[in-house]
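[1] using only what follows, build the 3D model:
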Amino acid sequence: MSGQRDGAAVRARAVAIIREGDRVLVERGHDPADGTRFYRAIGGHIEFGERAAQTVAREWKEEFGLTLRDVRPLGVLENLFTYAGRPGHEIVFAFEARVAEPHVYEAGEFEGIDPEGGRHQALWISIHDLSAGGIPLTPAGLLDLL
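    Residues are numbered from 1 along each chain as shown. Have a look, this model is predicted:
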């Protein structure tokens, strides 16, 4: 058996959670195939030769113009999911960090734009609300690491 199915491959990602008290900073998302809403940790795909901690710093800077500091590992997760009607499989390096720019901690939500022009909506949400069910946090298992 090859390591791929229908051209898909396991992807490596790195994400960072910014936590302040009982709240975390996440990105709002939805599945275009079925409209399912979710929250996800902010980050992206690890480029060849790049370390996971470098990936989260780059992604936060590219998408939101923010500088991460005090980046520390939380754990590694295996995430199997379906998005836009297609199965996905990724290994996710999860980090906790702080943001250098203090205004972020005052904002309820704010928008970022990635280099390709994609819009990203970040917002603070309480860990209690995430634990209560409702809208899920991805990748799966991240909430347990908090």
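[2] from the centroid of this structure, which residue is nearest?
    Ala41 (2.3 Å; C-alpha atoms, centre = their mean).
[3] who does the lengthiest strand in the chain touch, helix- and strand-wise?
    Taking DSSP state E as the criterion, the chain has its longest strand at strand 68-83. Here strand 68-83 touches strand 11-20, helix 52-64, strand 86-99, helix 142-145, going by 3 or more C-beta pairs under 8 Å, 6 or more residues apart in numbering; DSSP states H and E. Using the backbone N, CA and C atoms, a C-beta is placed for each residue, glycine as well.
[4] A helix includes Pro115, no?
    No - Pro115 is assigned coil when assessed by DSSP: H, G, I helix; E, B strand; the rest coil, not a helix.
[5] list the contacts of it.
    Taking C-beta atoms under 8 Å, 6 or more residues apart in numbering, we find Pro115 in contact with Glu62.
[6] same question, Ala12
    Contact analysis of Ala12 by C-beta under 8 Å, 6+ apart lists 45-46, 52, 90-91, 93.
[7] rerun at 6 Å
    Contact analysis of Ala12 by C-beta atoms under 6 Å, 6 or more residues apart in numbering lists 46, 91.
[8] where does Ile127 fall, phi/psi-wise?
    With angles defined as degrees, to the nearest 10, Ile127 sits at phi -60, psi -30.
[9] quick one, what contacts it?
    Contacts of Ile127 by C-beta under 6 Å, 6+ apart are Asp22.
[10] how many residues are close by the residue nearest to Pro32 when sequence neighbours are not counted?
    Spatial nearest neighbour of Pro32, chain neighbours left out: Ala84 (5.5 Å); criterion: C-beta to C-beta, 6 or more residues apart in numbering. Residues near Ala84, counting by other C-beta atoms under 10 Å, number 9.
[11] go on, Arg37?
    Count around Arg37 with other C-beta under 10 Å applied: 11.
[12] that one and Glu27: what is the separation?
    As for Arg37, its distance to Glu27 is 12 Å (criterion: C-beta to C-beta, to the nearest Å).
[13] and Val10, by the same measure?
    For Val10, the distance to Glu27 equals 22 Å [C-beta to C-beta].
[14] out of these two, which sits in the busier spot?
    Neighbour count, other C-beta under 10 Å: between Val10 and Glu27, Glu27 has more, with 19 against 13.
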